[in-house]
Structures are given as structure tokens and as C-alpha cells.
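> Show me how the following folds:
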Amino acid sequence: MTAEEDQAPGTSLADRINYLFDTIRDGRLMRPYTNGEVAKAIAAKGGSISENYLWMLRNGTKDNPTYKHLQAIADFFGVPAGYFFDDAVESRLRDQLATLKAATGSGDIRLMARRAGELSAESRQKIVDMVEMVYKLEKGNDDAGS
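Prediction:
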């Protein structure tokens, strides 16, 4: 058994990248992004990654990208780069995305996602922080009522 086969499901770099592609949708078309779209968007922001290299990362052919490549992918999807390295960050992000995905039938959630997709990474992080604060307040209120 190889080291990759020994890992728990969803923990390889390819799994983490594919999860972003599978979960975070194009805000206008509500479909997964293509490798080409991501590569073009990264290039438009001054980065450099090819469609083919993204494909190799996603299928596990390549598994040792530079930090700049991972940061560019993270920035594109609006997630912290720690998602690729830190299991706690990855787990928390998966929980948040699952909650968001469950609520996507709501028009206000879609509107927020579309607007957030047009913001800078810094502004998106501020929104994530605000949502996390409100979440903790609500959870605290739920616990108090139990």
C-alpha cells in the first residue's frame, strides 16, 4: 500500500483541490469551474498556472506544487491557503461549505455568494469572519435555550 492509499479519504492534495472544484460554483452559471477558467482567472490576477498543470494536480499526477500555486488556487476559490496543509482548517471549511450548499436553494444565499465572488480575498475574509461571529452567537443562544 502506498502512502497516498493509506491516507483517510479526502485528505490528499488532489482530493482537497477537487473538493473545491466540486463544491464552489461559478456564481453566474451555478456550475463547477473548469481547469481552463481557473487558470485564466489566476493569470488575469498576475499568477501563472496552466490548465494542464491544474489537471495533473487534480488527478494526483503532480502532488508537490509551489506555495504560489496553492495560494493562487486558494485565492481563486476564496479559501485560506491553510486548507491545503492544515486538517483542522480543511475540516472547518468542509463543514462551512456543506452548510452553505444545503442552503443554496435560498435566493439570499445565492445573492451573497455572487456578490462575495466579486470581492477581494481580504473583503471575503472579513465576511467569513462576520458570518462565523454570527454563527457562534446563534449557537450560543441555542445552547442557552437547551
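
> so how far is stretch 113-123 off the chain centroid?
Once both centres are worked out by CA atoms, centre = their mean, to the nearest Å, stretch 113-123 turns out to sit 13 Å from its chain's centre.

> pLDDT on that stretch, on average?
Looking at stretch 113-123 alone, the average pLDDT works out to 78.

> Could you list which residues are in contact with A39?
Counting by CB atoms under 8 Å, 6 or more residues apart in numbering, A39 touches I49, S50, E51, Y53, L54. For glycine as for every other residue, the C-beta is placed from the backbone atoms N, C-alpha and C.

> Excluding chain neighbours, what is closest to it?
Closest residue to A39 in three dimensions, ignoring its sequence neighbours and counting by CB to CB, 6 or more residues apart in numbering: E51, at 4.5 Å.

> these two touch, right, Y33 and N18?
No - taking contact to mean CB atoms under 8 Å, the distance of 11.6 Å between Y33 and N18 leaves them out of contact.

> Tell me where the protein is predicted with low confidence.
Counting by pLDDT under 70, the chain has low-confidence residues at 1-10, 27-29, 102-111, 114, 141-146.

> all helices for it, in order.
Taking DSSP state H as the criterion, the chain carries its helices at 3-6, 13-23, 35-44, 51-59, 67-77, 87-102, 107-117, 121-145.

> From the structure, what's the count of residues near M130?
As a burial measure, M130 scores 10 neighbours (other CB atoms under 10 Å).

> and what of E90?
A count of neighbours around E90, defined by other CB under 10 Å, yields 20.

> so who does A98 touch?
Taking CB under 8 Å, 6+ apart as the contact definition, A98 lies against nothing.

> Could you report the distance from it to S12?
When CB to CB, to the nearest Å is applied, the distance between A98 and S12 equals 19 Å.

> Quick check: closest non-adjacent residue to S48.
Nearest in space to S48, with sequence neighbours left out and distances taken as CB to CB, 6+ apart, is I42 at 7.3 Å.

> So that neighbour is in contact with A74, correct?
No - contact criterion CB under 8 Å: I42 and A74 do not qualify, at 10.6 Å.

> for the residue nearest to Q71 when sequence neighbours are not counted, what are its contacts?
In space, Q71 comes closest to A81 once its chain neighbours are excluded; the distance is 4.9 Å by CB to CB, 6+ apart. Contacts were defined as CB under 8 Å, 6+ apart; by that measure A81 touches Y67, L70, Q71, A74.
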